[in-house]
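1. Predicted model and sequence below, questions to follow.
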Amino acid sequence: MEKFFKLKERKTDVKTEVLAGITTFLTMAYILAVNPGILSDTGMDFSKVFAATAIASAIATLVMALLANLPFALAPGMGLNAFMAYTVVLGMGHSWQFALTAVFVEGIIFLILTAVNIREAIVNSIPANIKRAIGVGIGLFIAFIGMQNAGIIIGGATLVGLNPGWFTGSAGVAMIGLIITGILLAFKVKGALLIGIIATTIIGIPFGITKYAGGSYVPPAPYFFPFEFSNILSIDFVVITFTFLFVDMFDTVGTLIGCATKADMIQEDGSIPNCKEALFADAVGTTVGAVLGTSTVTTFVESSSGVVEGGRTGLTALTVAILFALSLFFAPLFASIPSAATSPALIIVGVMMMTPVKDIEWDDMTEAIPSFLTIIFMVVAYSIADGIMFGILSFVLLKLFTKKSKDVSVMTWVVFALFVLKVVFSAL
């Protein structure tokens with residue numbers, strides 16, 4: 001363990017890594033129910049998509065663990081699964097087989113881009129202050145997700161608002177869990193987030209929030225090569241594939257930067273250790289996931305919960321991969337953990353990811369405005385990729401018109417051009 005994962009070098013141990021992995025898994029286990037639920041709206045079989053979700057997540061996270069030795073977990077991304085189901089299939093009228101073919105092609109393109117170091121160059125091209133802003137934005141974004149999952153924040157006349165019944169039901173249990181987890185952290189209790197999740201799950205029982213699914217369970221089989229290649233030369237296919245490619249690329253870039261920043265892994269030159277291998281895990285996950293019957297696999301922002309618990313190596317990811325594999329056999333047990341129990345952990349993670357905000361150069365408006373836009377758009381647009389897009393676009397334009405274009409690297413100009421293309425595509 002020590003020799004392979006370099007535990008002492010990263011100032012961690014087996015217990016810390018395993019606890020971090022369990023915490024990460026519990027905060028993202030909701031994907032096992034939510035992803036099949038969304039994709040089944042297209043006519044796909046729920047149980048087959050469940051199996052595909054668990055297996056693809058386990059494989060991708062295993063690659064992250066063994067190849068990149070980083071504490072990040074992967075699974076089918078939220079937003080991209082909704083785009084596949086409600087835009088491509090139900091909106092544009094294509095079959096789910098057609099949509100999965102686009103995901104498969106995207107995965108192959110990602111493998112090629114990773115092999116020739118283009119994706120790694122994109123990660124390294126993000127300006128230092130925007131890198132810091134990405135970590136902060138992800139913190140606010142993940143806290144916002146936690147509040148929504150618990151029902152503390154709901155839709156309202158002002159787009160979102162405080163649930164009038166925030167002190168009752170699921171929201172009330174989540175608030176209790178938030179206080180418990182906060183107290184544990186204040187006393188520096190090891191495994192505070194995990195203990196908080198377990199305690200809140202137990203508290204939810206008498207309130208009727210925690211309900212054991214129970215019953216016997218036989219692991220289902222996923223799909224296998226469910227593709228439709230007859231229309232891959234159409235304009236629709238190109239646009240859909242580009243959309244998957246673009247959103248997945250910058251969601252992953254943002255998550256890697258944000259989590260690596262919190263883990264204090266960003267190197268002096270601004271790069272992430274084993275970045276190429278981490279991006280390879282993402283590409284493998286997307287390709288394998290499409291073969292098995294699920295939408296784009298990406299690095300999960302919930303990985304930051306494990307990082308906060310001290311996860312620093314691939315042993316954390318290996319723990320998550322094992323739990324995803326086991327979930328095939330214990331689905332009713334994992335399904336019993338309510339969102340009210342995991343939401344406090346996400347909110348607390350948001351608190352802990354705010355620290356880089358103090359290092360942003362707020363006195364320089366050409367740095368401050370792009371950083372702020374990166375943070376705010378991640379939350380209000382509900383997208384890591386859109387946050388990065390507004391950050392980079394404003395950064396380049398402000399530097400250009402204030403005669404500071406020397407601050408913009410060649411690769412940053414390339415990324416800027418990609419975002420301009422994305423805007424043009426969206427307008428068509």
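-> Great, that's in hand.
2. Tell me which stretches of the stretch 51-200 of the chain form helices.
-> Along the stretch 51-200 of the chain, the stretches classed as helices by DSSP state H, counting those that start in this stretch are 80-82, 96-115, 118-125, 128-150, 169-186, 192-203.
3. Select, out of those, the one closest to residue 376.
-> helix 128-150 (7.6 Å; Cβ to Cβ). Quick note: C-beta positions are derived from backbone N, CA and C, even for glycine.
4. how many other residues sit next to residue 77?
-> 29 (other Cβ atoms under 10 Å).
5. now swap in residue 1 and tell me
-> The tally of other residues near residue 1 (other Cβ under 10 Å) stands at 12.
6. same deal with residue 269?
-> Counted with other Cβ under 10 Å, residues neighbouring residue 269 total 6.
7. Then residue 189?
-> Neighbour tally, residue 189, other Cβ under 10 Å: 13.
8. picking that back up, as a markdown table, the helices of the stretch 51-200 of the chain with distance to residue 395, mean neighbour count and mean pLDDT would be great.
-> Output for the helices of the stretch 51-200 of the chain, formatted as a markdown table (distance: least, Cβ to Cβ, whole Å; neighbours: other Cβ atoms under 10 Å; pLDDT from 0 to 100):
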| stretch | distance to residue 395 | mean neighbour count | mean pLDDT |
| --- | --- | --- | --- |
| helix 80-82 | 25 | 21 | 85 |
| helix 96-115 | 23 | 22 | 94 |
| helix 118-125 | 11 | 20 | 87 |
| helix 128-150 | 6 | 25 | 89 |
| helix 169-186 | 34 | 20 | 95 |
| helix 192-203 | 34 | 21 | 91 |
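9. Tell me which of those helices lies nearest to residue 52.
-> Closest to residue 52 of these is helix 96-115 (Cβ to Cβ; 9.8 Å).
10. residues making contact with the closest one?
-> With contacts defined as Cβ atoms under 8 Å, 6 or more residues apart in numbering, helix 96-115 is touched by 39, 42-44, 84-85, 88-89, 119-120, 226-229, 231-232, 237, 240-241, 244-245, 248-249, 276, 279-280, 282-284, 286-291, 293, 295-296.
11. repeat that with 7 Å
-> Helix 96-115 is touched from outside by 42-44, 84, 88-89, 119, 226-229, 231-232, 237, 240-241, 244-245, 248, 276, 279-280, 282-283, 286-287, 290-291, 293, 295-296, with contacts defined as Cβ atoms under 7 Å, 6 or more residues apart in numbering.
12. Those in strands, which ones?
-> Members of these lying in strands (criterion: DSSP state E): none.
13. Could you tell me the angle between the longest helix seen in the chain and helix 96-115?
-> Taking DSSP state H as the criterion, the chain has its longest helix at helix 235-262. Put simply, helix 235-262 runs at 50 degrees to helix 96-115, going by axes from the mean of the first three to the mean of the last three Cα atoms, to 10 degrees.
14. what's the angle from helix 235-262 to helix 128-150?
-> 100 degrees.
15. Show me how far helix 235-262 is from its chain's centre.
-> Here helix 235-262 is found 10 Å from its chain centre; the criterion is Cα atoms, centre = their mean, to the nearest Å.
16. buried set for that helix?
-> 237, 239-262 (16 or more other Cβ atoms under 10 Å).
17. quick one: average pLDDT of that helix?
-> Helix 235-262 comes out with an average pLDDT of 86.
18. who's in contact with stretch 240-258?
-> 77, 79-80, 83, 88, 102-103, 105-106, 109, 119, 122-123, 126, 131, 134-135, 138, 272, 275, 278-279, 282, 286, 296, 298-301, 303-304, 353, 384-385, 387-389, 422, 425.
19. List buried residues within the contacts of helix 96-115.
-> In these, burial by neighbour count holds for 42, 44, 84, 88-89, 119, 226-228, 232, 237, 240-241, 244-245, 248, 276, 279-280, 282-283, 286-287, 290-291, 293, 295-296, counting by 16+ other Cβ under 10 Å.
20. I'd like to know which of the helices of the stretch 51-200 of the chain is closest to residue 358.
-> When the helices of the stretch 51-200 of the chain are ranked by proximity to residue 358, the top entry is helix 128-150, at 9.0 Å, counting by Cβ to Cβ.
21. what inclination does that closest one have with respect to helix 192-203?
-> Interaxial angle of helix 128-150 relative to helix 192-203 (the same axes, to 10 degrees): 10 degrees.
22. Residue 231 contacts residue 237, doesn't it?
-> Yes - between residue 231 and residue 237 a contact is recorded at 5.9 Å, counting by Cβ atoms under 7 Å.
23. dump the residue contacts of residue 137.
-> Residue 137 neighbours (Cβ under 7 Å, 6+ apart): 374-375, 378-379, 387.
24. Next step: those restricted to helices.
-> Under the assignment DSSP H, these contribute 374-375, 378-379, 387 to helices.
25. Which secondary structure element of the chain has the lowest mean pLDDT?
-> helix 331-335 (a mean of 74; mean pLDDT, DSSP states H and E).
26. How about that one, which residues are buried there?
-> Residues of helix 331-335 classed as buried: 331, 334-335 (neighbour count, 16+ other Cβ under 10 Å).
27. Alpha carbons only: can I get that helix in CSV?
-> Output of helix 331-335 as CSV, limited to C-alpha atoms (Å, rounded to 0.1, in the frame of the first residue of the first chain):
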residue,chain,number,x,y,z
ALA,A,331,-28.6,-1.7,-4.0
PRO,A,332,-31.5,-1.7,-1.5
LEU,A,333,-29.0,-0.8,1.3
PHE,A,334,-27.4,2.1,-0.5
ALA,A,335,-30.8,3.3,-1.7
